[in-house]
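S.K.: sequence isn't available, so here's the structure alone:
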């Protein structure tokens with residue numbers, strides 16, 4: 001292509017501002033502080049996980065068919081900018097959710113206030129000159145219908161959705177397309193503003209815990225595997241690789257959340273279990289203080305209702321009863337004179353003076369392909385007072401409503417690790433990493449490698465919650481046609 005044609009192409013991109021190229025950054029806030037924040041509310045964390053599991057362990061009901069499990073609010077939320085003129089909205093970042101949706105004007109029973117000290121807004125399509133309804137005959141609506149057609153969705157009619165969660169909460173609405181303002185990475189630690197056209201859900205009605213003000217934001221941005229997710233939209237249009245990663249800083253609550261190819265650090269991987277709603281993996285064994293637990297051979301069988309789920313939106317770690325008891329016994333064997341006590345009628349806690357990493361064992365989870373996930377004592381023991389720690393391991397049989405023996409690994413095992421989700425090759429992996437430092441990423445369009453730094457911008461959310469920030473980075477692959 002000669003220079004004149006390149007200039008015309010560049011002019012086209014600037015005028016429409018919906019074709020994206022390069023890298024894009026989001027600032028993402030953490031609802032709680034890092035592990036050093038002793039103002040953690042134990043009941044709040046447990047309640048969050050309990051509600052989340054009630055949703056993520058249930059099938060999702062799309063009127064148009066489909067797959068995925070948009071869940072309860074994740075612990076990380078970001079500010080996104082939608083419409084013309086642009087308006088800011090706060091949405092929760094969730095690896096267990098598929099669609100991006102926000103509360104819409106005149107929404108029935110949508111939250112109007114939030115304990116996170118953020119101003120809630122409701123999207124108004126009539127106030128945006130670039131917003132338009134998505135109809136049943138459009139490509140995005142077809143992408144949302146992964147598992148069969150809905151006979152009520154006819155050409156020209158609005159593309160609607162209804163999601164029913166396991167705890168009975170419901171969100172209903174319709175899909176819209178509008179411009180999103182994104183922060184494009186243009187060099188090492190440098191960004192500039194650009195726009196992209198994205199299809200998203202407009203929530204018109206909610207019920208159940210979705211309207212609770214304790215975790216209320218304006219919506220959810222999902223990074224699940226279905227074709228309705230923002231990741232899939234961008235990947236299907238050729239703009240990104242279907243790869244993302246996060247690195248959660250356990251000390252400060254900040255870190256990095258990136259979409260695209262990470263060049264450094266290098267990450268070893270294990271296969272994802274195919275045809276699962278969540279990021280399921282094959283857990284083979286658990287090692288505590290150099291000794292493997294004596295577990296039933298089928299305890300982590302992915303063909304049953306068990307299996308192992310990696311979920312950054314869950315705070316703690318949930319283990320089957322037999323696993324939990326053996327791990328707990330091995331852990332406490334290092335301190336035979338220590339006794340546990342119960343806090344808030346649900347957490348096992350203990351008193352300990354000294355360095356907990358010296359006094360308690362490392363726990364290693366062994367996965368297929370010889371991938372090991374090490375969890376240090378300072379990860380699974382979190383301080384609530386001076387010399388008082390609570391244990392992050394939980395008995396999953398006591399937490400799930402139906403008593404299923406699941407293994408669910410949340411933030412306490414994922415912190416201080418770069419976790420890479422490679423949906424292109426159906427693998428997931430991780431490596432120990434300093435999440436307050438930067439990572440190196442490749443811009444597929446130019447081949448350049450850029451350094452993306454971590455962010456930790458703290459503000460006061462309330463007397464109870466400390467808000468920190470991480471960075472979400474989109475690495476765009478190529479210039480292609482408009483989405484949908």
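M.R.: Noted; the coordinates are in hand. None of the values given here were measured: they were computed from a predicted structure.
S.K.: could you pull out the strands for the stretch 201-350 of the chain?
M.R.: Per DSSP state E, counting those that start in this stretch, the stretch 201-350 of the chain carries strands over the ranges 219-222, 243-248, 255-259, 262-264, 268-271, 280-281, 283-288, 291-292, 308-310, 317-319, 340-343, 347-351.
S.K.: dump these to TSV, plus mean neighbour count.
M.R.: All C-beta atoms are positioned from the backbone trio N, CA, C, and that covers glycine. TSV is the format used below for the strands of the stretch 201-350 of the chain (neighbours: other Cβ atoms under 10 Å):
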stretch	mean neighbour count
strand 219-222	29
strand 243-248	24
strand 255-259	27
strand 262-264	17
strand 268-271	18
strand 280-281	24
strand 283-288	19
strand 291-292	12
strand 308-310	24
strand 317-319	26
strand 340-343	12
strand 347-351	18
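S.K.: now render the ones you listed as JSON lines, adding mean pLDDT and distance to residue 393.
M.R.: JSON lines is the format used below for those (pLDDT from 0 to 100; distance: least, Cβ to Cβ, whole Å):
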{"stretch": "strand 219-222", "mean pLDDT": "85", "distance to residue 393": "28"}
{"stretch": "strand 243-248", "mean pLDDT": "85", "distance to residue 393": "18"}
{"stretch": "strand 255-259", "mean pLDDT": "77", "distance to residue 393": "23"}
{"stretch": "strand 262-264", "mean pLDDT": "89", "distance to residue 393": "30"}
{"stretch": "strand 268-271", "mean pLDDT": "95", "distance to residue 393": "21"}
{"stretch": "strand 280-281", "mean pLDDT": "93", "distance to residue 393": "18"}
{"stretch": "strand 283-288", "mean pLDDT": "95", "distance to residue 393": "11"}
{"stretch": "strand 291-292", "mean pLDDT": "96", "distance to residue 393": "17"}
{"stretch": "strand 308-310", "mean pLDDT": "90", "distance to residue 393": "14"}
{"stretch": "strand 317-319", "mean pLDDT": "90", "distance to residue 393": "6"}
{"stretch": "strand 340-343", "mean pLDDT": "92", "distance to residue 393": "12"}
{"stretch": "strand 347-351", "mean pLDDT": "93", "distance to residue 393": "8"}
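S.K.: right, and those strands - which one's nearest residue 391?
M.R.: Minimum separation from residue 391 across these (Cβ to Cβ) falls at strand 347-351, 4.9 Å.
S.K.: what packs against the closest one?
M.R.: With contacts defined as 3 or more Cβ pairs under 8 Å, 6 or more residues apart in numbering; DSSP states H and E, the packing partners of strand 347-351 are strand 340-343, strand 388-391.
S.K.: any idea of the mean pLDDT in the helix or strand that it is followed by?
M.R.: Tracing the chain past strand 347-351, the next element assigned as helix or strand by DSSP states H and E is helix 356-359. Averaged over helix 356-359, pLDDT sits at 96.
S.K.: and residue 68, what's its pLDDT?
M.R.: In the predicted model, residue 68 carries a pLDDT score of 23.
S.K.: check the one 10 residues further on too.
M.R.: At residue 78, the pLDDT value in this model is 76.
S.K.: would you mind measuring from it to residue 158?
M.R.: Applying Cβ to Cβ, to the nearest Å, the value for residue 78 to residue 158 is 27 Å.
S.K.: looking at those two, which has the bigger crowd around it?
M.R.: residue 78 (20 against 15; other Cβ atoms under 10 Å).
S.K.: wasn't the more buried one part of a helix?
M.R.: No - applying DSSP: H, G, I helix; E, B strand; the rest coil, one finds residue 78 to be strand, outside a helix.
S.K.: ok, it touching residue 89?
M.R.: No - look at residue 78 against residue 89 with Cβ atoms under 8 Å: they stay out of range, at 9.4 Å.
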